[in-house]
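**Student:** Using only what follows, build the 3D model:
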Amino acid sequence: GSPVLNGTAPGGFGEGLDSLHPGDAFDPLGLADDPDTFAELKVKEIKNGRLAMFSMLGYYVQAIVTGEGPVENWASHIADPFGVKGFGALL
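**Tutor:** You can find the predicted model right below:
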């Protein structure tokens, strides 16, 4: 098959490695050495990802309500901070 599709490079480099997860785990700071700390860090990473997804919902709602993107809304607020406020489009 194609070297790109089977996870190997020309010359046999990478043979025998898993094509989905080649190489070893990347942990240069050794954060996964302690299993309890590693489990806590995994939970924190999942919570951080969920918070990031929820914050993107705010971008979408803002664009739907105002008809502009976040940069345009920020620029208009900076140009007139007392006239263009957070909930000005709703009132």
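**Student:** Can you say which helix or strand has Leu51 in it?
**Tutor:** Per DSSP states H and E: Leu51 is located in helix 35-66.
**Student:** Helix or strand next in line after that helix, which one?
**Tutor:** Next element after helix 35-66 (DSSP H and E): helix 70-79.
**Student:** angle of that following helix against helix 35-66?
**Tutor:** 70 degrees (axes from the mean of the first three to the mean of the last three Cα atoms, to 10 degrees).
**Student:** Going forward, count from 53.
**Tutor:** Yes, from this point I'll number from 53; that puts the last item at helix 122-131.
**Student:** which ones are touching Gln114?
**Tutor:** 121-122, 125 (Cβ atoms under 8 Å, 6 or more residues apart in numbering). For glycine as for every other residue, the C-beta is placed from the backbone atoms N, C-alpha and C.
**Student:** same question, Asn125
**Tutor:** Per Cβ under 8 Å, 6+ apart, neighbours of Asn125: 114, 118, 136.
**Student:** again with Gly119
**Tutor:** So Gly119 contacts nothing (Cβ under 8 Å, 6+ apart).
**Student:** What does the pLDDT read for it?
**Tutor:** pLDDT recorded at Gly119 is 89.
**Student:** next one: Gln114
**Tutor:** Looking at Gln114, the pLDDT reads 86.
**Student:** can you check Arg102 too?
**Tutor:** So, for Arg102, pLDDT stands at 95.
**Student:** next one: Leu72
**Tutor:** 62.
**Student:** Repeat that for Ser128.
**Tutor:** Reported pLDDT for Ser128: 89.
**Student:** Lowest mean pLDDT among the helices and strands, pick that one out for the chain.
**Tutor:** helix 55-58 (a mean of 53; mean pLDDT, DSSP states H and E).
**Student:** Which member of the contacts of Gln114 is positioned nearest Asp79?
**Tutor:** Within those, proximity to Asp79 (Cβ to Cβ) peaks at Pro122, which comes in at 34.8 Å.
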